[in-house]
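*Asks:* Here is a sequence together with a model predicted from it:
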Amino acid sequence: MATRKHDLRSDSRGLFRKRIGYFAHTKNQPRFNFGKDKDAAEYRYAILRQLYQENERLMYRRSRTLGYQLPRGWWPQPLEHAREIASGKLEVELPCIPSESPEDYVQRIRQYKSDFPSLRVAPFDESFYFEGIRILESHESKYIDSLYGNMKTEGVVETDKKVPSHIIPGTLHEALDAYIEHIEQDGAKVTEKQLVGSQRKRICLAKNLKRHEDCSLTNLDPDRVQKLIAFWSNRPPAEQVKRISRRYAKHHIDELVRFFKWLDFSGRFDWYLPRGFDRISKRIATLTEDHQKSRLIVKDVYTPKQGHALFDNFAAELPEQGRRDDLVEQRGSEYISREIPLRCLFPRAKD
């Protein structure tokens, strides 16, 4: 059954408590105590709602695989972790099973992270966990060498292509879709469902990044990362007509950098920023049309000496207006401004 979605409110003691989901095999709902801090309570409440949805999806998938309906509701392990999160523990530990090998323990943690991406899962025994990683990396390296050797022999890949150190599941477009989903869920909102304008703009930019050809995250190596950034730095044409502006290119480069950093931080994909990422040039190309000179309007101007000479000649032709001294005193007045061009009264020098 669906989780309740009304607002989180405090009780008479100031505690934020909420019932989320159902116990398996029953119609009873577990109640979670989120404490008295409203901001922290809302953050944990959102995680638990997401966790319960992932729990329901996993139950549905396993029911289809097994061919019969499993009981709906919290599974024991996710429920235990949900209570830890509600109490303020944002990183949960997955305990070891007796007689479990290190590599099996690592695989179980990876599968648990895949089933519940909203959780931050840490190993119960780090030395045991890293021993399993070392064993799996050794197996993976041998498998990749053998696989790429056969692919080069059959002409599937180029013979000079570098063999990757490990295989990363997922593709570039799948990662972009997950990134857009992340913005929609965690971006700043005006209301509960409406994103602010800047976040909607980020989604548009992220969708534009799918203009790049899709590739495996395994092949998203430093050279390809540099090519993706250089594509926007060189200001590609928009709709095959005119090349994009510097500002438009900068927006895409900034969003691409944010995407790579999110991909590095996110636990949904096993991809990491290449070494020297901050040193990749992000300088935007300057085009010829950026230097188009504005047309200059050339006007005749006079030196102060020429201006005074023109003024004297004009004043000599006005006998009815009195002496020249009177005209000089009226220089700049409404009468003189109307009769004599301003460029004669306030000239600019020229060679």
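*Replies:* Alright, I've got the coordinates.
*Asks:* Domain ranges for the protein, per the record?
*Replies:* 17-89, 172-291, 304-345 (automatic domain parsing).
*Asks:* Return the member of those having the minimum mean pLDDT.
*Replies:* When the domains of the chain are ranked by mean pLDDT, domain 304-345 comes last with a mean of 55.
*Asks:* And the strands in the stretch 201-350 of the chain?
*Replies:* 237-238, 242-243 (DSSP state E, counting those that start in this stretch).
*Asks:* Highest average neighbour count across the ones you listed: which stretch is it?
*Replies:* strand 242-243 (a mean of 12; mean count of other C-beta atoms under 10 Å). Glycine gets a C-beta too; all of them are placed from N, C-alpha and C.
*Asks:* re earlier: will you turn the domains of the chain into a markdown table that also has distance to S114?
*Replies:* Output for the domains of the chain, formatted as a markdown table (distance: least, C-beta to C-beta, whole Å):
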| stretch | distance to S114 |
| --- | --- |
| domain 17-89 | 10 |
| domain 172-291 | 8 |
| domain 304-345 | 79 |
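*Asks:* Minimum distance to R120: which of the ones you listed has it?
*Replies:* Nearest to R120, of all the domains of the chain, is domain 172-291, at 7.3 Å by C-beta to C-beta.
*Asks:* how far does the closest one sit from the chain's center?
*Replies:* Offset of domain 172-291 from its chain centre (C-alpha atoms, centre = their mean, to the nearest Å): 7 Å.
*Asks:* quick revisit: with distance to R19 as extra columns, can I get the strands of the stretch 201-350 of the chain in JSON lines?
*Replies:* JSON lines is the format used below for the strands of the stretch 201-350 of the chain (distance: least, C-beta to C-beta, whole Å):
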{"stretch": "strand 237-238", "distance to R19": "52"}
{"stretch": "strand 242-243", "distance to R19": "57"}
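*Asks:* Can you tell me which of the ones you listed is nearest to H173?
*Replies:* strand 237-238 (20.9 Å).
*Asks:* Which neighbours in the sheet does that closest one have, and how are they oriented?
*Replies:* Partner strands for strand 237-238, per DSSP bridges, with pairing direction: strand 242-243 (antiparallel).
*Asks:* can you list the residues that contact the strand it pairs with?
*Replies:* With contacts defined as C-beta atoms under 8 Å, 6 or more residues apart in numbering, strand 242-243 is touched by 235-237, 287.
*Asks:* coming back round to it: right, and the domains of the chain - which one's nearest I109?
*Replies:* Using C-beta to C-beta, these put domain 172-291 closest to I109, at 10.8 Å.
*Asks:* about what we covered before: and of the strands of the stretch 201-350 of the chain, who's closest to P102?
*Replies:* Of those, the one closest to P102 (C-beta to C-beta) turns out to be strand 237-238, at 52.9 Å.
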